[in-house]
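Undergrad: I need the structure of the sequence given here:
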Amino acid sequence: MAYWRLHYHLVWATYQHLPLITESLERQIYGTILGKAKELGVIVHAIGNIEDHIHVAVSIPPKIAVADCVKHFKGASSHYVNHQPNASENFSWQEGYGALTFGDRAMNDVVEYVRNQKEHHRRGSTRAPFERIAEENDGVQTERD
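TA: Numbers count the residues shown, from 1 in each chain. Modelled structure (predicted):
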């Protein structure tokens with residue numbers, strides 16, 4: 001087995017940023033993500049959310065692409081929610097996601113940020129790079145720029 005330390009802060013939104021993540025759905029979504037992570041060999045360090053988006057701090061083994069991991073998390077959680085008895089709405093995630101890497105030394109800081117999403121949004125203490133989902137105007141320079 002290879003040695004790896006590949007940590008990511010992932011964030012993605014509900015369809016059209018609708019406030020679909022209720023307290024009861026939150027537990028179901030977290031449970032589904034944790035189950036899928038175990039199946040994939042992904043280590044989940046923290047999950048947090050507000051009504052229209054979710055953050056996950058994870059370590060993804062090099063055998064899995066970040067995009068595939070997010071696809072599995074989003075697909076499994078929306079499928080689970082939509083197939084529950086009394087599912088009232090068509091729950092879905094918006095296309096796209098944000099992914100930032102971080103090192104071992106930043107682990108505690110990222111985990112705290114992810115776990116305390118509701119408080120950060122309530123106090124207005126969110127960090128813009130951690131909230132980015134869209135790729136437009138991301139500030140990354142390429143040779144074409």
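Undergrad: use CA for all of it now, contacts and neighbours both
TA: Noted.
Undergrad: In terms of pLDDT, where does Phe130 sit?
TA: As predicted, Phe130 sits at a pLDDT of 62.
Undergrad: ugh, wrong one, I meant Leu25
TA: In this model, Leu25 is scored at 91, pLDDT.
Undergrad: Any chance of the backbone angles for it?
TA: For Leu25, the backbone dihedrals are phi -70, psi -30 (criterion: degrees, to the nearest 10).
Undergrad: just His7 next, same as before
TA: Note on His7: backbone dihedrals following degrees, to the nearest 10 are phi -100, psi 140.
Undergrad: Might one say that it is in contact with Gly103?
TA: Yes. Between His7 and Gly103 a contact is recorded at 6.6 Å, counting by CA atoms under 8 Å.
Undergrad: Looking at these two, which has the bigger crowd around it?
TA: For His7 versus Gly103, neighbours defined as other CA atoms under 10 Å are more numerous around His7 (23 against 11).
Undergrad: so what's the residue nearest to that one when sequence neighbours are not counted up against?
TA: Using CA to CA, 6 or more residues apart in numbering and skipping the chain neighbours, the partner closest in space to His7 is Ser59 (4.3 Å). Counting by CA atoms under 8 Å, 6 or more residues apart in numbering, Ser59 touches Arg5, Leu6, His7, Tyr8, Val42, Ile43, Val44, His45.
Undergrad: redo that, cut-off 7 Å
TA: Shown in contact with Ser59 (CA atoms under 7 Å, 6 or more residues apart in numbering): Arg5, Leu6, His7, Tyr8, Val42, Ile43, Val44.
Undergrad: out of the residues you listed, which are inside helices?
TA: The members of those all map outside helices under DSSP state H.
Undergrad: any chance of the residues you listed in a markdown table, plus pLDDT and distance to Phe73?
TA: Listed next are the contacts of Ser59 as a markdown table, based on pLDDT from 0 to 100; distance: CA to CA, whole Å:
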| residue | pLDDT | distance to Phe73 |
| --- | --- | --- |
| Arg5 | 93 | 20 |
| Leu6 | 96 | 17 |
| His7 | 97 | 16 |
| Tyr8 | 97 | 14 |
| Val42 | 98 | 11 |
| Ile43 | 97 | 13 |
| Val44 | 98 | 11 |
